[in-house]
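Novice: Give me a model of this one.
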Amino acid sequence: MADSPVPNGNGGAAAQPDDLTPTLNALAQYAKDLSFENPNAPRSLQPQQQGPQINIQVNVNAKQLAEEDFEVDLRLEGDAKIGAEVLFAFELTYSGIFRLRNIPQDQMHPAVMIECPRLLFPFARQIIADAVRNGGFPPLYIDPIDFVGLYRQKAAEAQVQGGTA
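Specialist: Numbering: from 1, shown residues only. The predicted structure is shown next:
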C-alpha cells in the first residue's frame, strides 16, 4: 500500500515523497517595508500640463534560512517628478520564503534570484499601484521586469568588480 500513488484531488496522482523532481514552493509572502510619500500635496494633485518622469529601481536580495529554504527580497523604489518637483515617491520591499528541492547546485542561485522574484513581482506591482492610487494619483502599473536580464547584469557587474580587486 505504501507504493501506491496518493490522489491529489484532480483525478491524478500526487508526487511521491521520495520523488526527485525539482520543486520550488512559496511558503510565505509579505510586505517587509512599504513607504509612500506625497510631499507636495495638495498642489501635486492639480492637473499637470505634462506627464511626469517616472524612475524605478529594482533590486533582488536573498539569504539562505535552512538547507532548502530561502528568504528573497524584491525591492522596488521609485518616484514621479515634473521638473525638479516630486509628485510622489515609494519604496517597497516585498519578500517571500521559498523552499527549493532537488535543484542542481549549479542552478540553485539562478533559481533563487530569477524565479523567486518573478513569483513575487505581480503582488509587489499591485501593492505599488494601490499605494499610488491611494495617494491621489492614477495607479502606477510597473511594466514586467526581465529578471533574467537583471541577473545577468548583476553577474557582469560582480565579475568586473572581482576582476579589478
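Novice: Would it be right to say that Asp154 lies in a helix?
Specialist: Just to correct that, residue 154 is Lys rather than Asp. Yes - counting by DSSP: H, G, I helix; E, B strand; the rest coil, one finds Lys154 located in a helix.
Novice: who are the neighbours in contact with it?
Specialist: 60, 113 (Cβ atoms under 8 Å, 6 or more residues apart in numbering). Backbone N, C-alpha and C define where each C-beta goes, glycine included.
Novice: run the last query once more with 10 Å
Specialist: 59-60, 113 (Cβ atoms under 10 Å, 6 or more residues apart in numbering).
Novice: swap in Ala66?
Specialist: 97, 99.
Novice: Export whichever strand or helix holds Gly149 to PDB, keeping only CA atoms.
Specialist: Per DSSP states H and E: Gly149 is located in helix 147-164. Only the C-alpha atoms of helix 147-164 are listed here, as PDB (Å, rounded to 0.1, in the frame of the first residue of the first chain):
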ATOM      1  CA  PHE A 147      14.700  39.100 -14.100                       C
ATOM      2  CA  VAL A 148      17.000  37.100 -16.300                       C
ATOM      3  CA  GLY A 149      18.500  40.300 -17.700                       C
ATOM      4  CA  LEU A 150      18.700  41.800 -14.200                       C
ATOM      5  CA  TYR A 151      20.500  38.600 -13.000                       C
ATOM      6  CA  ARG A 152      23.000  38.700 -15.900                       C
ATOM      7  CA  GLN A 153      23.600  42.400 -15.400                       C
ATOM      8  CA  LYS A 154      24.400  41.900 -11.700                       C
ATOM      9  CA  ALA A 155      26.600  38.900 -12.500                       C
ATOM     10  CA  ALA A 156      28.600  41.000 -15.000                       C
ATOM     11  CA  GLU A 157      29.000  43.800 -12.500                       C
ATOM     12  CA  ALA A 158      30.200  41.400  -9.900                       C
ATOM     13  CA  GLN A 159      32.700  39.900 -12.400                       C
ATOM     14  CA  VAL A 160      34.000  43.400 -13.200                       C
ATOM     15  CA  GLN A 161      34.300  44.300  -9.600                       C
ATOM     16  CA  GLY A 162      36.000  40.900  -8.900                       C
ATOM     17  CA  GLY A 163      38.500  41.500 -11.700                       C
ATOM     18  CA  THR A 164      39.500  44.900 -10.500                       C
END
